[in-house]
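>>> Have a look; sequence and predicted model below, questions after that.
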Amino acid sequence: MATRNVGERVPRVEFRGELLLLGGRPQPADVARLLRTPLRARRVLLERRDACEQRALHLGLLQHRGRCKGLARSRVDTPHERLQNEVRSLLSHGAHCPPAICAPGRRKSRVFARKLQSRHEPHYRSHPMRSFIVFFGLILAGFAVIALLAYPAWLAVAPLLDEPRFHRIANRLGMLALVAGFVFVARRMGLADRASLGYGLPRREFLRELGIGLALGVVLMLPVAALMFAFDLRSAKEGLALDAGTFARLALPGLVSGLAVAFIEETFLRGAMFTGIARESGTRAAIVLTSLVYAAVHFVGRYRIPVEELGWESGIAHVAGTLRSFAEPLAIADAFLCLFAVGVLLGIVRALTGNIAACIGLHAGWVWIITFVRETSAPDRGAPLGFLVSEFDGFVGWGVLAWTILIGAVIVRFYQRPLRQS
């Protein structure tokens with residue numbers, strides 16, 4: 001059985017506004033605390049120490065709105081019927097608690113407990129794809145903001161800048177809208193806490209897992225980079241002297257960029273979005289859907305419009321230009337499948353560990369190596385095995401896809417070890 005680390009956030013299952021914290025078997029004092037909970041808080045604190053829920057959290061299988069259907073098809077030692085019966089029994093116990101343990105002046109708490117008992121039944125049904133629709137809608141809303149407000153924003157900001165670049169203003173505007181929408185949605189959907197965002201581990205343990213993932217990502221990506229040079233898929237840039245100064249100048253920015261990209265993407269995708277989808281549709285759906293979004297966002301390319309061609313329709317033109325790669329799906333099929341496989345692997349790691357520390361480390365390590373290889377070499381399109389490298393970026397493609405599947409077995413086995421030992 002998996003045990004909970006000290007300081008780790010416990011899982012949560014929502015019952016139409018009430019919050020159930022699973023972590024310790026109820027005692028009379030716990031029931032008293034339940035009935036002392038203020039009505040205005042609309043939250044119930046019930047503690048239950050059962051390794052079933054701890055392992056369910058580890059696998060990311062707890063369902064949203066009290067629906068634990070994911071536990072039935074998971075590798076959980078205790079059947080989900082027992083979980084539902086114990087929760088139902090616990091709520092019933094709270095509803096018929098003797099008045100002696102009720103706090104003075106809280107008579108309405110007993111009424112609230114009875115209402116809670118009737119509300120926990122699974123008559124409430126939210127749309128199983130609600131979280132995915134909401135988060136995907138955020139991305140579309142970001143593009144809509146660019147299309148409608150990019151040119152007015154450029155007109156307002158251009159007099160204040162020496163070199164106003166439309167594409168930068170448009171991209172920053174879209175990112176600002178996406179961040180604002182993300183914060184609002186995360187709060188409304190109950191995904192703004194550390195555990196839901198994937199930061200449930202204590203800081204020291206989180207950084208340790210991040211460091212292990214970073215080292216593992218670098219070590220596993222170096223062989224594929226070496227194979228590209230061995231098979232003449234990439235060649236070093238002419239006139240490049242890779243001395244200590246040049247290495248530091250290229251390596252340090254690549255590491256910073258990799259960590260920044262990993263923190264942003266993993267918090268959004270494998271953090272809040274993964275948690276929301278897993279609660280409503282299960283872990284498998286969360287892995288697949290977040291991987292699709294992860295692969296798709298990499299094809300949002302750069303597009304620049306000359307200053308003399310700017311107009312009120314420039315926002316729409318900018319959005320169309322950034323999405324031009326999707327106009328030829330066959331041309332990006334190899335890169336898309338490769339990135340999708342990478343997303344699936346990161347999603348499995350997220351489900352196994354219950355947090356995004358390892359995902360950030362692996363992601364940053366891969367981006368670090370890819371960035372360094374791009375800065376120091378160029379793809380050789382005429383190589384006999386050139387089809388293994390995509391036209392998209394000269395690195396990902398069929399070759400990296402095969403390598404991802406190969407190292408995926410190693411990474412999954414590595415992160416399954418704590419589960420088997422426990």
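Arrived safely, thanks for sending.
>>> hang on, residue 300 packs against residue 322?
Yes. The criterion here is C-beta atoms under 8 Å, and residue 300 meets it with residue 322 at 5.2 Å. C-beta coordinates here come from the backbone N, C-alpha and C atoms, glycine included.
>>> neighbours around the closest residue to residue 347 other than its chain neighbours, how many?
Spatial nearest neighbour of residue 347, chain neighbours left out: residue 287 (3.5 Å); criterion: C-beta to C-beta, 6 or more residues apart in numbering. Neighbours of residue 287 under the rule other C-beta atoms under 10 Å: 24.
>>> which SSE is residue 287 in?
Using DSSP states H and E, residue 287 sits within helix 283-297.
>>> Buried residues, the helix or strand that that helix is followed by. List them.
For helix 283-297, the following helix or strand on the C-terminal side (DSSP H and E) is helix 314-322. Residues of helix 314-322 classed as buried by neighbour count (16 or more other C-beta atoms under 10 Å): 314, 315, 317, 318, 319, 322.
>>> do the same with stretch 174-191
For stretch 174-191, the neighbour count (16+ other C-beta under 10 Å) marks 174, 177, 178, 181, 182, 185, 186, 189, 190, 191 as buried.
>>> Roughly how far does residue 326 sit from residue 262?
From residue 326 across to residue 262, the span is 24 Å (C-beta to C-beta, to the nearest Å).
>>> ok, those two, which is more surrounded?
The neighbour comparison of residue 326 against residue 262 (other C-beta under 10 Å) goes to residue 262, with 27 against 14.
>>> and the strand or helix carrying that one, what's its mean pLDDT?
Element membership of residue 262, judged by DSSP H and E, is helix 244-266. The predicted model gives helix 244-266 an average pLDDT of 90.
>>> elements contacting it?
When contacts are defined as 3 or more C-beta pairs under 8 Å, 6 or more residues apart in numbering; DSSP states H and E, helix 244-266 sits against helix 357-376.
>>> in the next helix or strand after the helix it packs on, what's buried?
Heading C-terminal from helix 357-376, the first helix or strand you meet, by DSSP H and E, is strand 377-379. By neighbour count on 16+ other C-beta under 10 Å, the buried set for strand 377-379 is 377, 379.
>>> If you count neighbours, what's buried in the helix or strand just after strand 377-379?
On the C-terminal side of strand 377-379, the closest following helix or strand by DSSP H and E is helix 398-421. Judged by neighbour count (16+ other C-beta under 10 Å), helix 398-421 contains these buried residues: 398, 399, 400, 401, 403, 404, 407, 408, 411, 414, 415.
>>> Kindly format the C-alpha coordinates of helix 398-421 as CSV.
Below are the C-alpha coordinates for helix 398-421, written out as CSV (Å, rounded to 0.1, in the frame of the first residue of the first chain):
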residue,chain,number,x,y,z
TRP,A,398,9.7,9.2,-36.7
GLY,A,399,13.2,8.6,-35.2
VAL,A,400,12.4,10.5,-32.0
LEU,A,401,8.9,8.8,-31.9
ALA,A,402,10.6,5.3,-31.9
TRP,A,403,13.1,6.5,-29.2
THR,A,404,10.2,7.9,-27.1
ILE,A,405,8.4,4.6,-27.1
LEU,A,406,11.7,2.8,-26.2
ILE,A,407,12.6,5.1,-23.3
GLY,A,408,9.0,5.3,-22.2
ALA,A,409,9.2,1.7,-20.9
VAL,A,410,12.3,2.6,-18.9
ILE,A,411,10.7,5.8,-17.4
VAL,A,412,7.4,4.1,-16.5
ARG,A,413,9.2,1.3,-14.9
PHE,A,414,11.4,3.7,-13.0
TYR,A,415,8.5,5.7,-11.6
GLN,A,416,6.6,2.5,-10.8
ARG,A,417,9.2,1.3,-8.3
PRO,A,418,8.0,3.3,-5.3
LEU,A,419,4.5,1.9,-5.8
ARG,A,420,5.8,-1.7,-5.9
GLN,A,421,8.0,-1.2,-2.9
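>>> That helix packs against which elements?
Partner elements for helix 398-421 (3+ C-beta pairs under 8 Å, 6+ apart): helix 203-230, helix 333-353.
>>> C-alpha coordinates for the helix holding residue 262, CSV please?
The C-alpha trace of helix 244-266 is given here as CSV (Å, rounded to 0.1, in the frame of the first residue of the first chain):
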residue,chain,number,x,y,z
ALA,A,244,34.0,26.5,-22.7
GLY,A,245,32.8,30.0,-23.2
THR,A,246,30.6,29.1,-26.2
PHE,A,247,29.3,26.1,-24.4
ALA,A,248,28.3,28.2,-21.3
ARG,A,249,26.8,30.9,-23.5
LEU,A,250,24.5,28.3,-25.2
ALA,A,251,23.9,25.9,-22.4
LEU,A,252,22.8,28.2,-19.6
PRO,A,253,20.1,30.1,-21.7
GLY,A,254,18.9,26.7,-22.9
LEU,A,255,18.5,25.4,-19.4
VAL,A,256,16.6,28.6,-18.3
SER,A,257,14.4,28.4,-21.4
GLY,A,258,13.7,24.7,-20.8
LEU,A,259,12.7,25.2,-17.2
ALA,A,260,10.5,28.2,-18.0
VAL,A,261,8.7,26.3,-20.8
ALA,A,262,8.3,23.2,-18.6
PHE,A,263,6.9,25.1,-15.7
ILE,A,264,4.3,26.9,-17.8
GLU,A,265,3.1,24.0,-19.9
GLU,A,266,3.1,21.4,-17.2
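>>> and the gap between residue 370 and residue 330?
Per C-beta to C-beta, residue 370 is found 23 Å from residue 330.
>>> do residue 254 as well
Residue 254 is 31 Å from residue 330, by C-beta to C-beta.
>>> more crowded one of the two?
residue 254 (20 against 6).
>>> which residues touch that one?
Taking C-beta atoms under 8 Å, 6 or more residues apart in numbering, we find residue 254 in contact with 367, 368, 371, 372, 375.
>>> on that earlier part again, between all of the buried residues of stretch 174-191, which two are separated the most?
Using C-beta to C-beta, the buried residues of stretch 174-191 reach their maximum pairwise distance at 174 and 190, which is 25.9 Å.
>>> just to revisit the earlier point, okay, buried residues for the helix holding residue 262 please.
250, 254, 255, 258, 259, 261, 262, 263, 265, 266.
>>> could you dump these to TSV with distance to residue 169?
Below are the buried residues of helix 244-266 laid out as TSV (distance: C-beta to C-beta, whole Å):
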residue	distance to residue 169
250	29
254	26
255	28
258	26
259	26
261	21
262	26
263	24
265	23
266	27
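>>> The closest residue to residue 198 other than its chain neighbours: neighbour count?
In this structure, residue 198 finds its nearest non-sequential neighbour in residue 356, 3.2 Å apart by C-beta to C-beta, 6+ apart. Counted by other C-beta under 10 Å, the residues lying close to residue 356 total 31.
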